[in-house]
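In: Mind folding the following:
(2 chains)
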Protein chains: 2
Amino acid sequence: MEKLPGSEYLPGPIPPTPLDRQAQKAGQLFSGLLAMNVVFLGSAFISSMIFNQVAITLADVWILLSILKVLCLFWIIYYLLGTSQQPHAVLYRDSHAGAIWIRGKFLLLFGSCSILLNVFQIGYSTILIHCKSRVEIVFPSIGILFICTQVLHVTLLEACLFSLSHSWECGLMLTIATNLLLWLLAVTNDTLHMEIEAQLREVERRFAGKAPSQPPHWGNETALCTCPNTTICKVFQKGYILLYPFNTEYCLVCCSVLYVMWKNVGRRISHHHVPHTKPKFKLQGVVFGPLLGAVAVIIGACVFMMYQIQATSLEPTRQVFVIYYSYYIVLLPLMSVGAVIGTIIHALEKKELDTMKNPTRSLDVILLMGAALGQIGMSYFSIVALVATDPRDLLNSLILSYSVLLIFQNITQNVFVIDGLHRRRVAAAAEGKHTGQAGQLTVAVELPGEQETTPSSKQENGQTPPGKEEDTKEEQNREAYTSLSYIHTYSHLSWRRRVLREISFFLVLCNIILWVMPTFGAHPVFENGIERSFYGYSTWFVIVNFGLPLGVFYRMHSVGGLLEVYVTA
Amino acid sequence: MEKLPGSEYLPGPIPPTPLDRQAQKAGQLFSGLLAMNVVFLGSAFISSMIFNQVAITLADVWILLSILKVLCLFWIIYYLLGTSQQPHAVLYRDSHAGAIWIRGKFLLLFGSCSILLNVFQIGYSTILIHCKSRVEIVFPSIGILFICTQVLHVTLLEACLFSLSHSWECGLMLTIATNLLLWLLAVTNDTLHMEIEAQLREVERRFAGKAPSQPPHWGNETALCTCPNTTICKVFQKGYILLYPFNTEYCLVCCSVLYVMWKNVGRRISHHHVPHTKPKFKLQGVVFGPLLGAVAVIIGACVFMMYQIQATSLEPTRQVFVIYYSYYIVLLPLMSVGAVIGTIIHALEKKELDTMKNPTRSLDVILLMGAALGQIGMSYFSIVALVATDPRDLLNSLILSYSVLLIFQNITQNVFVIDGLHRRRVAAAAEGKHTGQAGQLTVAVELPGEQETTPSSKQENGQTPPGKEEDTKEEQNREAYTSLSYIHTYSHLSWRRRVLREISFFLVLCNIILWVMPTFGAHPVFENGIERSFYGYSTWFVIVNFGLPLGVFYRMHSVGGLLEVYVTA
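Out: Now for the predicted structure:
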């Protein structure tokens, strides 16, 4: 979220040598191979647990994961001790890191929730110690230690750093692999948990009386091991169910942050280091976006509460699904229209895109597109099921339009965000002018093969690299010309920038409410039962369990991207 | 397979402008989105067919695929007509295209087999026309047209071209998506086919008599629709079963070639175009590699035939599995040792790696690593199953060591090939010297940010770009120095290069036999029944059906990479 992301890329005294690049390639290759092996071994374990409960139990998987966690812990501690003792271990913040700070905040939030979840699990297992194995206390304890160290590690190093050493690539990859396996386990265990809940509800429905509430997660043991009727045990149970989705998201976010760090190992930046200006988030000049967004959030919250009360009651009606889907059918076209208008404005600006290589932004784009796949894939499966079943039914046609609109919304929003991310540097330069720094900042016109550098940062440092006088003169000429043309066009741009800000603010709020609803348990895609009966219980479960967490991650990641578009618009 | 892959990268008159890159990004984004939507829609269709045979039938999937094929056909014809009429549509061959020519040959082979397969299918359906729908004749006919046009298209344009227009990105992506869906359908239909075969064999075993041989592939209809006892019908049946794996591979290879083409759209090269020297494949100087490889191939062929005879007989014995796995257990360590020695020799050379950006090579590496995942994943699943079952049994311990060795062999070979691909330019320059061109060719020492250019090619062209005299002088000085040091070190290198050639030749032959065995139907990983009973029939089927075709593709792709290492060593 820097104003001038390129400003730290002055030609440094040590350009990367082929030997450096060689070391980087080798390091990436070997750490990647390590991660691949760990992930495959773990996946095989988890699959065996699912498909053959007798030979491989959940406890075996836990033991494997605990070993991995302990290895990761050792590595993190070793690394932190090692770097703190090296006098010349200079660590840089990645100025390209855009949505990273958002992810950092989410990491903290989700990490805290995950720790709480583990505390609840320990408490619950302690109450029922007579019928549970010790592993069920040891595993969450290691989990707490692991999450604490990891969050500390990542936030201490401010999410995205350059290190000159290659020694920690393998450690990073091991941690990524461990988190990926934890996510896989969480998804498959979430399956069990949802299954139990669904069964419970059916039992409740059938007897139309209150069956004793059962603990989630422990499969066959539930019959033997029921919670004593104390408040503390109920709190642990409810807390566990409520916090469970946060744990899933924590693993995903952790993987993405660590992956960005891994990709940055060995990238070099110079020692000309400009102190950071914190991104300024100003609300001035936007009215309709926040207003419309707030309305959407409030209505969404009402719909969500209504849905939750109805869906957990004994006889959920079709009406609640109709209300839920209608809300989406109104909201999604608005969001799509906003994104399309934003894209058109971007196109009207006729700016040159920032096509320079920017690994962190590429990662952002990849994560955005990858996360959208979950939602889009699920929607296509819904569409085929609904068209094949009976598209003329009211609820079916609602779900059908919802699915189509969701795909359209995802695609338009992605195009808008990606476009915005590629334009941010030009926009940031214009912003600098606007705030009275005219003449100091210039548009970073890109010359192929040139190092990324803006004259402004050079002037701020008062340094001119030796043998560069002529270049600088030329650049100043071009700069003057560009500045003039910019001032001329800027007055015309103003309304466009305002519209962009309104749109992105609106989209941010919409994405937040669309993130909250599935995170806290509204899963109509499973509860409406139409796709479930079409594909069969287990198949639809797998599809939903891969699609939903990715969808939630997508909304979260979109908020980061859109906030960036807002700040730099 | 060029001697000097960088020689065509002279600084051309038209460097890529930011607008170009912008157009490329936009084109890639939109065509990628198109492909994603098509793939998801098709996957949902195919999944529906698998999990809900009533609502969506195989005929529905065929109709969807036929529509896609016809769209692709129109696009290819339109494109070919369009470019042939444009006078300045200059098409370049990608000099970086390494293993591409191998893929081109395989494409032709697999394409012919796929056409034959479709002919057999049409013939078979025509014989049984009384109980089959017209779709079963129409679909293979469109298939033949599609494959012919596609192979013509790709081979005419020589597998890898640069085009300056962005209009065909969407068409390419549509074709990739169609091929991907055809692959998915082939894999799932292969499941049915294998299932039928397995069931058939069990029936045969139970009755210990000859049940009437049934046609593959048509699920429930088999009971009604049996082949009349004519030779032609039997030929169609057997031919269909034999040729089926080639079709699966054809789709995979097509996807990879088209993906390389898509990635190259918009990449620019200059008009200084050096005529191509065909790669020379000389056998001189290698003895042990071919010999050892030939022995491996001959023994492998014997083992394969023994396996096929035994496995298709009524009572397959444990003995045949023991022989099969023993062969692998002897061969795989030899291959691994070879690859490790090769990697050590590469490391001893202490050359600078060619770390310049080379999209085609990056793709080669990605395809190599990606294809290896199938085999490695399957091996890990086997390992967990075997350790959990009974690792002390003879056959189990054999399969266990086979799996571990296979993982090790895949990894070492990948490292060796990737290392070799990154060193080929330096090696090629040395090769030039060796053949009496000393002084004309030099090592292309890489300077960061410099255009890829070697003095040799400049001299050959008799051209010196204007304003480059000083650079050229400097380069000549450096060149003279490098040449001297090269001549000095070259005499020491000779034995190393010979060993590299022996190793890569040996590995090529081994990979060919390891490619032939699973392609022509040796699937002990399924037929031994150990993992199948551990994970359950359907789960193991899914794992095998994703792992096996990728494994076959990996062997094929390895042959390409290793041949390249051989030629440039």
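
In: counting contacts, what elements does the strand or helix carrying A:Y554 pack onto?
Out: If you go by DSSP states H and E, A:Y554 is part of helix A:537-568. In terms of contacts (3 or more Cβ pairs under 8 Å, 6 or more residues apart in numbering or on different chains; DSSP states H and E), helix A:537-568 is packed against helix A:100-127, helix A:169-207, helix A:231-264, helix A:359-389, helix A:394-432, helix A:469-519, helix A:524-527, helix A:530-535. (Glycine included, C-beta is placed from N, CA and C.)

In: Now render those as TSV, adding mean pLDDT, mean neighbour count and distance to B:L152.
Out: Putting the helices and strands packed on helix A:537-568 into TSV (pLDDT from 0 to 100; neighbours: other Cβ atoms under 10 Å in any protein chain shown; distance: least, Cβ to Cβ, whole Å) gives the following:
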stretch	mean pLDDT	mean neighbour count	distance to B:L152
helix A:100-127	81	20	48
helix A:169-207	72	19	43
helix A:231-264	80	20	41
helix A:359-389	86	21	32
helix A:394-432	80	21	34
helix A:469-519	71	17	47
helix A:524-527	79	19	45
helix A:530-535	85	20	40
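
In: Contact residues of the stretch 451-569 of chain A facing chain B?
Out: Residues of the stretch 451-569 of chain A lying close to chain B by Cβ under 8 Å from any Cβ of the partner chain are A:451, A:534-536, A:539.

In: What is the nearest of these to A:V499?
Out: A:Q451 (34.8 Å; Cβ to Cβ).

In: Pull up the gap between A:I411 and chain B, please.
Out: 6 Å (Cβ to the nearest Cβ, to the nearest Å).

In: how about the nearest residue to that residue, chain neighbours excluded?
Out: Spatially, and ignoring its direct neighbours in sequence, A:I411 is nearest to B:L33 (5.9 Å; Cβ to Cβ, 6 or more residues apart in numbering or on different chains).

In: Report how many residues lie close to the one you found.
Out: 19 (other Cβ atoms under 10 Å in any protein chain shown).

In: Pull out the buried residues from the host helix or strand of it.
Out: Using DSSP H and E, B:L33 maps to helix B:18-51. In terms of neighbour count (16 or more other Cβ atoms under 10 Å in any protein chain shown), helix B:18-51 has its buried residues at B:18, B:20-36, B:38-51.

In: So which other helices or strands are in contact with it?
Out: helix A:359-389, helix A:394-432, helix A:530-535, helix B:58-85, helix B:169-207.

In: Could you rerun that using 10 Å?
Out: helix A:359-389, helix A:394-432, helix A:530-535, helix A:537-568, helix B:58-85, helix B:169-207, helix B:231-264 (3 or more Cβ pairs under 10 Å, 6 or more residues apart in numbering or on different chains; DSSP states H and E).

In: Reformat those helices as TSV; add distance to B:L332.
Out: Listed next are the helices and strands packed on helix B:18-51 as TSV, based on distance: least, Cβ to Cβ, whole Å:
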stretch	distance to B:L332
helix A:359-389	35
helix A:394-432	45
helix A:530-535	40
helix A:537-568	34
helix B:58-85	39
helix B:169-207	25
helix B:231-264	22
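
In: for these, which one sits closest to A:I298?
Out: helix A:537-568 (17.9 Å).

In: ok, and for the helix or strand hosting A:V151, which residues are buried?
Out: Element membership for A:V151 (DSSP H and E) is helix A:135-156. For helix A:135-156, the neighbour count (16+ other Cβ under 10 Å) marks A:135-137, A:139-140, A:142-144, A:146-147, A:149-151, A:153-154 as buried.

In: Chain B: which of those is nearest?
Out: Nearest to chain B among these is A:V135, at 18.0 Å by Cβ to the nearest Cβ.

In: And the pLDDT at the closest one?
Out: For A:V135, the pLDDT comes out at 79.

In: State the pLDDT value of the closest residue to it other than its chain neighbours.
Out: Leaving out its chain neighbours, the residue that sits closest to A:V135 by Cβ to Cβ, 6+ apart is A:A59, at 5.0 Å. A:A59 carries a pLDDT score of 83 in this model.

In: The one 3 residues further on too?
Out: At A:W62 the predicted local distance difference test score is 88.

In: show me the contacts for it.
Out: By Cβ atoms under 10 Å, 6 or more residues apart in numbering or on different chains, A:W62 lies in contact with A:49, A:69, A:133, A:135-136, A:138-140, A:142-143, A:185.

In: Tell me if I'm right that A:Y566 and A:E502 touch.
Out: Yes - counting by Cβ atoms under 10 Å, A:E502 is a contact partner of A:Y566 at 9.4 Å.

In: Which residues are in contact with each of those two?
Out: Joint contacts of A:Y566 and A:E502 (Cβ under 10 Å, 6+ apart) are A:286, A:289.

In: does chain B sit close to stretch A:180-190?
Out: No - with Cβ under 10 Å from any Cβ of the partner chain as the measure, stretch A:180-190 is seen stopping short of chain B, the closest distance being 12.5 Å.

In: Using PDB, list the CA coordinates for that stretch.
Out: Only the C-alpha atoms of stretch A:180-190 are listed here, as PDB (Å, rounded to 0.1, in the frame of the first residue of the first chain):
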ATOM      1  CA  LEU A 180      -1.800 -27.100   3.700                       C
ATOM      2  CA  LEU A 181      -2.200 -30.500   5.400                       C
ATOM      3  CA  LEU A 182      -3.900 -28.800   8.400                       C
ATOM      4  CA  TRP A 183      -6.300 -27.200   6.000                       C
ATOM      5  CA  LEU A 184      -7.000 -30.500   4.300                       C
ATOM      6  CA  LEU A 185      -7.700 -32.200   7.600                       C
ATOM      7  CA  ALA A 186      -9.900 -29.300   8.700                       C
ATOM      8  CA  VAL A 187     -11.900 -29.600   5.500                       C
ATOM      9  CA  THR A 188     -12.400 -33.300   5.800                       C
ATOM     10  CA  ASN A 189     -13.100 -33.000   9.600                       C
ATOM     11  CA  ASP A 190     -15.500 -30.200   8.800                       C
END
